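[1] What follows is a predicted structure for the sequence shown.
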Amino acid sequence: MNWDELFHMQKELDTYIENHNNLTGEALFKRKVLALMVELGELANETRCFKFWSAKPASARAVILEEYVDGLHFILSLGIEIEAGMGTEDYEEYADLTNGFLKVYEEVNRFSTSPCQETYQALFTSYLTLGRTIGFSEQDVQDAYLAKNKVNYERQDKGY
């Protein structure tokens, strides 16, 4: 996947949002971390992987993918905040989706308290691993990111 392209697109979107909402120069790091945690919770809710008490199935794959990409937007944005890039670490799949979510939350917390390339890389890798465990290919993620990026601009223009 061409991560440089996605980082570039995210930087343009971040600048657009900041200018459009008069946020230029404001410290947004902690708000982005919280937004990522909320998006991660929304993603978990759509997979229903932790809802042992319920027989209701997971949401449609497209819904889950859109929630996943919402989180990816914030991860890219946080990387831009600290001028981090995507490394080339390999990632596998989590044996259990619930543990995968917990691992990502753990990495978000580590990154939030110690924002550096190392903790960012661990966060990014854990999130990509989660996506792979859910069943998303790199092409799925890239296509969904491109589509959602366009929607995010449209929402800004409509006063979302």
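    Okay, I see it.

[2] show me where pLDDT drops low in this structure?
    Residue ranges of the chain with pLDDT under 70: 85-91.

[3] Now do the helices in it.
    Secondary structure of the chain, counting by DSSP state H: helices at 3-20, 29-47, 61-81, 97-113, 117-134, 138-157.

[4] mind putting the ones you listed in CSV, distance to Ala55 and mean neighbour count included?
    For glycine as for every other residue, the C-beta is placed from the backbone atoms N, C-alpha and C. Listed next are those as CSV, based on distance: least, Cβ to Cβ, whole Å; neighbours: other Cβ atoms under 10 Å:
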stretch, distance to Ala55, mean neighbour count
helix 3-20, 37, 15
helix 29-47, 15, 17
helix 61-81, 18, 21
helix 97-113, 17, 18
helix 117-134, 20, 21
helix 138-157, 27, 15
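
[5] Can you add distance to Trp53 and give those helices back as TSV?
    Shown next, in TSV, are these (distance: least, Cβ to Cβ, whole Å):
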stretch	distance to Trp53
helix 3-20	37
helix 29-47	14
helix 61-81	20
helix 97-113	13
helix 117-134	21
helix 138-157	30
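
[6] how much space between the residue nearest to Glu39 when sequence neighbours are not counted and Val63?
    Nearest residue to Glu39, sequence neighbours excluded (Cβ to Cβ, 6 or more residues apart in numbering): Gly71, at 4.1 Å. In this view, Gly71 and Val63 are 13 Å apart by Cβ to Cβ, to the nearest Å.

[7] again with Glu46
    With Cβ to Cβ as the criterion, Glu46 and Val63 are 6 Å apart.

[8] which ones are touching the closest residue to Cys49 other than its chain neighbours?
    Spatially, and ignoring its direct neighbours in sequence, Cys49 is nearest to Leu97 (4.1 Å; Cβ to Cβ, 6+ apart). Contact analysis of Leu97 by Cβ atoms under 8 Å, 6 or more residues apart in numbering lists 47, 49, 130, 133-134.

[9] Put together CSV for these, with distance to Arg155 on each row.
    Compiled in CSV, these are given as follows (distance: Cβ to Cβ, whole Å):
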residue, distance to Arg155
Thr47, 24
Cys49, 28
Leu130, 25
Thr133, 29
Ile134, 25
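
[10] Thank you, goodbye.
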